[in-house]
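Peer 1: model this:
(chains A and B)
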Amino acid sequence: MFGQGLLKGLEITWGRMLGKKQTVKYPFEKIEMFPRFHGRFQLDVDKCIACGLCANACPNKVIQMEKQKVDNKQYLTKYVMRIEYCLFCGLCVESCNKDALKFSSVIDMNQYRREWVRLTLVDRPAPESKKTPEEAPAETAKEQAAAGKAAPGKEG
Amino acid sequence: MKTQTYYLNLGPQHPSTHGVFRIILELDGETVVKATPVPGYLHRGIEKLAEARTYTQVIPYTDRMDYLAAMLMNWGYVKAVEDLMGVEVPERAEYIRVIVGELSRIASHMIATGAYGADIGALTAFTYTFRDREYVLDLLEMVSGSRMTFSYFRVGGVAEDLPEEFYPAVKKFLAELPGMCDEYDGLITGNEIFQARTKHVGIIPPEVGINYSLSGPTLRGSGVNYDLRKVRPYSVYDRFDFDVPLGKNGDCFDRFRIRIEEMRQSGRIIQQALEQMPDGPIQAKVPKVIKPPVGDAYAEIESSKGVYGCYVVSDGSPKPYRVHFRRPSFINLGYLGKLCEGWKIADVVAILGSIDIVLGEVDC
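Peer 2: Modelled structure (predicted):
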C-alpha cells in the first residue's frame, strides 16, 4: 500500500520525540574529553632537555625553538608553536622521549586574529652562567612559561 | 518554434555537490544534454607535499584526503611503505587496523546515507545519521585522540594500543548498530517518495562500471561482486565471515541501499575481530628514520568509496621520491558526465549523491 513507508518513518520520528536529548548546551555545559584527546599543547619545561626531536618530527615546521648553552647544558629559552599551521597529528608528542610535551584537553583555542593563535610555551632569558645569585627573576619567568599562556594573552 | 539549449553552472558552492565540486550543465529546458564535471577547487597538492616530508610525516596528509574515513586513507599509504620495506606487521596491529578501519567505514557510510537523504529532501534522516556518527567518532577519538584526522597508523603498526574504555564502548555500539540501520531503513529506504526519486534513476550497467574502472559501492550497486576484502584479501580479512552486499539494477537506490547493508557487515567484522584479537606487540621493529630501499611499491585497500591505492617510489633517501594516490572518488566521477545525460536537473543531484564523493579525495 502506498504511504506505508511514510507512516513507518513518522513512527520512528514520533518515537524519538520524547526520547533522551542528544545534544548539550555547549558554552554552558561541556563534554569531558578523552585522555588521549589532542587539545592545546603543554610543555613541562623542567623535563625538557631542548633536544629538538619534536621540531624535527613536525611535518609543518610548527615548532620554533631557541636554546642556549649554559654550563655545558642546553637551556631552552624560547619555544613557540605556530598553531595556525598545526595539523594536530601528535607526531611531536610521540617523538618526545622525556614526556615533556603533552596534549591537554583544552579545546577552545579560537582567537580573533591569526597572530594571537600562536602558542608561546616558553619565553625566558637564559640564566647567567657560573651560578650567580640572580636566579630569582629567571625563576618567575619559568613559572609563567610553565602555565603555558597563549600568546599575548588576548583570549576571547 | 525554435528553442536552444542553455548553460547552468552547478556548484562549486552548491550544498548538494558535497563540497567544492562544479558541474557545467547544458540544459534543454530541464533536461540535461551534456554535463561537464570540473574538479580541482580543493586541490592542495598532497602528492607534491609528500615529496618534501619524511615517510612518517606524510601520514597526517593522507588524513586530509577522504576526511570522512581517514583511518582507511592512512592504511593504504602505510601499507605501501610497509610493502616497500618488507615489514611484517604484528597480528594485533592488523586486528586493531581492521577494527578502526571498519569503524571509519561505518562513519563514512553514515554520512553518505544521511547526506543522500538530505539531497533528496529527507532532511530528518541527516540528523539521525549524524547522531549515530557521533558514537563512532567518540570511539575513534578514544583510540587516536582526534575526531576526524586521526593520523593513527604508523609504518609497521599503529600509534598506540586500544585503551581499556574502548572495549565496553564498542560492544555497546555494535549492539545498537543493527537498530540504527533499521532506523535508516525505516526513515529513508522504505519511504515511497525517496524510492520514486531514486529507483531506475542513473543506471550504471555492470560492464560500463567495469570499463570505467569504478569501484566500491558504486560498482557493487550494479551487481558486480568486487570487494577487495573478498577477492584479494589483505591484512587479516580472510579470517572473517562477512557478505558483500550487491545491487540488482545499478540505479541510485541500489547504490544507496548497499551502503546501509555494508554498515551491518562492518559491524559483523568488528565483532569477529574483537573476539579473535590476540595479545602482542602493536608495532613492528622499524628504524626511527625510515629509509626504504630503492624501488617502488603499490598497495591497494578497499576504502569506503572504493579501491584506494597508493604508489610510493623510493630513491633510498628518508623522503619519498614520488607518491601517487589512486583516489576512488575521483575515478568514480569519471562516468558522471555520461550518467547525467538525459536526466532532469533534480536527478543530477540524486545521481551525484549516490556516487558519494568526498572532495578532499577527488582533488587530493
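Peer 1: Residue A:10: neighbour count?
Peer 2: Neighbourhood size, residue A:10 [other Cβ atoms under 10 Å in any protein chain shown]: 13. C-betas here are computed from N, CA, C, even on glycine.
Peer 1: Could I get the contacting residues of it?
Peer 2: Shown in contact with residue A:10 (Cβ atoms under 8 Å, 6 or more residues apart in numbering or on different chains): no residues.
Peer 1: Contact residues of chain A facing chain B?
Peer 2: Residues of chain A lying close to chain B by Cβ under 8 Å from any Cβ of the partner chain are A:2-6, A:8-9, A:11-13, A:22, A:34-38, A:57-59, A:87-91, A:94, A:103.
Peer 1: Out of the residues you listed, which end up buried?
Peer 2: Buried residues within the residues of chain A next to chain B, defined by neighbour count using 16 or more other Cβ atoms under 10 Å in any protein chain shown: A:5, A:9, A:12, A:34, A:36-38, A:57-59, A:87-91, A:94, A:103.
Peer 1: Just those residues: which are in helices?
Peer 2: Those of those mapping onto helices are A:5, A:9, A:12, A:57, A:91, A:94, per DSSP state H.
Peer 1: so the last one makes contact with residue A:58?
Peer 2: No: counting by Cβ atoms under 8 Å, residue A:94 sits too far from residue A:58 to count as a contact (11.0 Å).
Peer 1: Give me the below-cutoff pLDDT ranges for chain A.
Peer 2: A:1, A:130-156 (pLDDT under 70).
Peer 1: need the helices for it, in chain order.
Peer 2: Counting by DSSP H, the helices of chain A are A:4-17, A:53-57, A:91-95, A:114-117, A:135-146.
Peer 1: Then the stretch 151-300 of chain B?
Peer 2: B:166-184, B:192-198, B:206-211, B:217-220, B:228-231, B:252-276 (DSSP state H, counting those that start in this stretch).
Peer 1: residues in chain B within reach of chain A, list them.
Peer 2: So far as Cβ under 8 Å from any Cβ goes, chain B lies against chain A at B:53, B:56-61, B:63, B:124, B:131, B:134, B:138, B:141-146, B:149, B:151, B:159-160, B:163, B:165, B:183, B:186-188, B:190-195.
Peer 1: how many neighbours does residue 125 have?
Peer 2: Going with chain A. Close neighbours of residue A:125, defined as other Cβ under 10 Å, add up to 12.
Peer 1: try chain B instead
Peer 2: Residues near residue B:125, counting by other Cβ under 10 Å: 27.
Peer 1: Please verify my assumption that it contacts residue B:119.
Peer 2: No: assessed by Cβ under 8 Å, residue B:125 is found out of contact with residue B:119, at 10.4 Å.
Peer 1: Out of the helices of chain A, flag the one nearest residue B:179.
Peer 2: helix A:4-17 (10.8 Å; Cβ to Cβ).
Peer 1: Counting neighbours, what do you get for residue A:74?
Peer 2: Counted with other Cβ under 10 Å, the neighbours of residue A:74 add up to 14.
Peer 1: C-alpha coordinates for stretch B:88-104, CSV please?
Peer 2: Extracted in CSV, the C-alpha atoms of stretch B:88-104 (Å, rounded to 0.1, in the frame of the first residue of the first chain):
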residue,chain,number,x,y,z
GLU,B,88,55.8,-7.7,8.7
VAL,B,89,53.1,-6.1,10.8
PRO,B,90,52.3,-7.7,14.1
GLU,B,91,49.0,-9.6,14.2
ARG,B,92,47.5,-7.5,17.0
ALA,B,93,48.2,-4.3,15.0
GLU,B,94,46.4,-5.9,12.0
TYR,B,95,43.4,-6.6,14.1
ILE,B,96,43.4,-3.0,15.5
ARG,B,97,43.7,-1.7,12.0
VAL,B,98,40.7,-3.8,10.9
ILE,B,99,38.6,-2.6,13.8
VAL,B,100,39.4,1.1,13.4
GLY,B,101,39.2,0.8,9.6
GLU,B,102,35.7,-0.7,9.7
LEU,B,103,34.6,1.9,12.3
SER,B,104,35.8,4.5,9.9
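Peer 1: what does the average pLDDT come to for it?
Peer 2: What stretch B:88-104 shows for mean pLDDT is 91.
Peer 1: what about it, distance to the chain center?
Peer 2: Centre-to-centre, stretch B:88-104 and its host chain are 17 Å apart (Cα atoms, centre = their mean, to the nearest Å).
Peer 1: Repeat that for stretch B:140-154.
Peer 2: With Cα atoms, centre = their mean, you get 16 Å for stretch B:140-154.
Peer 1: hmm, who's touching it?
Peer 2: A:34, A:36-38, A:87-91, A:103, B:56, B:59-60, B:63-64, B:67-68, B:70-71, B:74-75, B:77-78, B:97, B:100, B:103-104, B:107, B:137, B:158-160, B:162-163, B:165-166, B:169, B:283, B:286.
Peer 1: what are the ranges of the strands in chain B?
Peer 2: B:6-10, B:22-28, B:31-38, B:153-154, B:157-158, B:295-302, B:307-314, B:322-326 (DSSP state E).
Peer 1: Likewise for chain A?
Peer 2: Using DSSP E, strands in chain A cover A:41-43, A:63-70, A:73-81, A:101-103, A:119-123.
Peer 1: and of those strands, who's closest to residue B:293?
Peer 2: Among the strands of chain A, strand A:63-70 sits nearest to residue B:293 (Cβ to Cβ), with 30.7 Å.
Peer 1: name the helices or strands packed onto the closest one?
Peer 2: With contacts taken as 3 or more Cβ pairs under 8 Å, 6 or more residues apart in numbering or on different chains; DSSP states H and E, strand A:63-70 sits against helix A:53-57, strand A:73-81.
Peer 1: For residue B:254, find the nearest of the ones you listed.
Peer 2: Proximity to residue B:254 (Cβ to Cβ) singles out helix A:53-57 among the helices and strands packed on strand A:63-70, at 45.9 Å.
Peer 1: what about that closest one, distance to the chain center?
Peer 2: The answer for helix A:53-57 is 16 Å, by Cα atoms, centre = their mean.
Peer 1: Could I get the contacting residues of residue 28?
Peer 2: Using chain A here. Counted by Cβ under 8 Å, 6+ apart, residue A:28 has zero contacts.
Peer 1: right idea, wrong chain: chain B
Peer 2: Counted by Cβ under 8 Å, 6+ apart, residue B:28 has contacts B:3, B:5.
Peer 1: Can you tell me how far it is from residue B:240?
Peer 2: Counting by Cβ to Cβ, to the nearest Å, the gap between residue B:28 and residue B:240 amounts to 50 Å.
Peer 1: Residue A:9 now?
Peer 2: Taken as Cβ to Cβ, the span from residue A:9 to residue B:240 is 33 Å.
Peer 1: Residue A:80 now?
Peer 2: As judged by Cβ to Cβ, residue A:80 and residue B:240 stand 48 Å apart.
Peer 1: Residue A:36 reaches residue B:163, doesn't it?
Peer 2: Yes: under the criterion of Cβ under 8 Å, residue A:36 makes contact with residue B:163 at 6.9 Å.
Peer 1: Next, count neighbours for residue B:112.
Peer 2: The burial count for residue B:112: 29, using other Cβ under 10 Å.
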